[in-house]
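Peer 1: Give the three-dimensional model of this entry:
(chains A, B, C and D)
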Number of protein chains: 2
Amino acid sequence: MDALTIQEAAQTTGWSPRMLRYIERAGLIEPQRSESGYRLYGPGELQRLRTLRELVARFDVGLGEIGFAMRLRRDEELAGAVDAWLEAEPTRPEDVPPAEWLRWEQDKHTKLLALAAATPATSHAA
Amino acid sequence: MDALTIQEAAQTTGWSPRMLRYIERAGLIEPQRSESGYRLYGPGELQRLRTLRELVARFDVGLGEIGFAMRLRRDEELAGAVDAWLEAEPTRPEDVPPAEWLRWEQDKHTKLLALAAATPATSHAA
DNA sequence: CAAACCTTGACATGATTGTGGTAAGGTTGT
DNA sequence: ACAACCTTACCACAATCATGTCAAGGTTTG
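Peer 2: Residues are numbered from 1 along each chain as shown, chains lettered A, B, ... in the order given. The predicted structure is shown next:
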């Protein structure tokens, strides 16, 4: 049996049961449920919970921000729009060391690919 | 004279002067300053402000989330950590249509590249 | 069966976000 | 010089975030 109940999961991950439910409602980690509705955290979830904890602590990011990153990854249209906006940033080329430069260009291509691939229903809001 | 003062900029972009200052403090758009400290919005900033407005409205994202996306782009270590966490998501392969599949793999490579390129204080610098 | 869990839902609270004001004081244009 | 603008620095306020606690009711297990 490698699935823990919420309280046990809380203790091995450092979150409170309350927060585990909160994290679930935020869409970050949704454990399986037993037939009667008990949350069951498997090893994968436990690991992810620990990692999440460290991530949040180390970089001082909020759960909402992680959720946003997740959303960015699922919604390509959103990702494209955000990327396009960020891309327009006034970037002084002197700031970019030539080593990065290559990756930068390559990245741009990936962006364009993503945008082209997405294109679901982009134009109607006038 | 293609630089507007805060009030003028507000009117052509739909933001309030208050919000323009807020947006600046959020690090999203930082206009030039006149010698006496007045904010001066150039055409680029104005355009970005309008785009930002649409972005925020269309996808219902917060300024903080855009700020986070910007941070993700600047801080490669953070980006790597977040990506790694998201990558560990329990992804059912049936969900991914084979067309996406290619881009997906390619993306992963880009991630790895980014991570490898970053490595500021990561242990094994070999 | 009773203790010890679990579930959802609600109320509470300090901190932050998104907004709007207002005040005190410098700048600019006519 | 005077109105109209700008600046920063506060006060305010509803909404959300991150947490905790408590209540009412189902589940598991000794």
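Peer 1: Contact residues of chain A facing DNA strand D?
Peer 2: With CB under 7 Å from any atom of the strand as the criterion, chain A meets DNA strand D at residues A:16, A:18-19, A:22, A:26, A:34-38, A:62-64. For glycine as for every other residue, the C-beta is placed from the backbone atoms N, C-alpha and C.
Peer 1: And the next helix or strand past whichever strand or helix holds residue A:55?
Peer 2: For residue A:55, the host element (DSSP states H and E) is helix A:43-59. Sequence order places helix A:63-74 as the next helix or strand after helix A:43-59, per DSSP H and E.
Peer 1: tell me which residues of that next one are tucked away?
Peer 2: For helix A:63-74, a neighbour-count test (16 or more other CB atoms under 10 Å in any protein chain shown) marks A:63, A:65-66, A:68-70, A:72-73 as buried.
Peer 1: Those residues into a markdown table, with extra columns for pLDDT?
Peer 2: Listed next are the buried residues of helix A:63-74 as a markdown table, based on pLDDT from 0 to 100:
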| residue | pLDDT |
| --- | --- |
| A:63 | 98 |
| A:65 | 97 |
| A:66 | 98 |
| A:68 | 98 |
| A:69 | 98 |
| A:70 | 97 |
| A:72 | 96 |
| A:73 | 95 |
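Peer 1: what residues are up against the residue lying closest to residue A:40 once chain neighbours are set aside?
Peer 2: Residue nearest to residue A:40 in three dimensions, not counting chain neighbours: residue A:3, with 3.9 Å by CB to CB, 6 or more residues apart in numbering or on different chains. The contact partners of residue A:3, taken as CB atoms under 8 Å, 6 or more residues apart in numbering or on different chains, are A:32, A:40-42.
Peer 1: Recalculate using a threshold of 7 Å.
Peer 2: Residue A:3 sits next to A:40-42 when contact means CB atoms under 7 Å, 6 or more residues apart in numbering or on different chains.
Peer 1: And it, how far from residue A:58?
Peer 2: 28 Å (CB to CB, to the nearest Å).
Peer 1: Which parts of chain A are strands?
Peer 2: Ranges of strands within chain A are A:32-33, A:39-40, based on DSSP state E.
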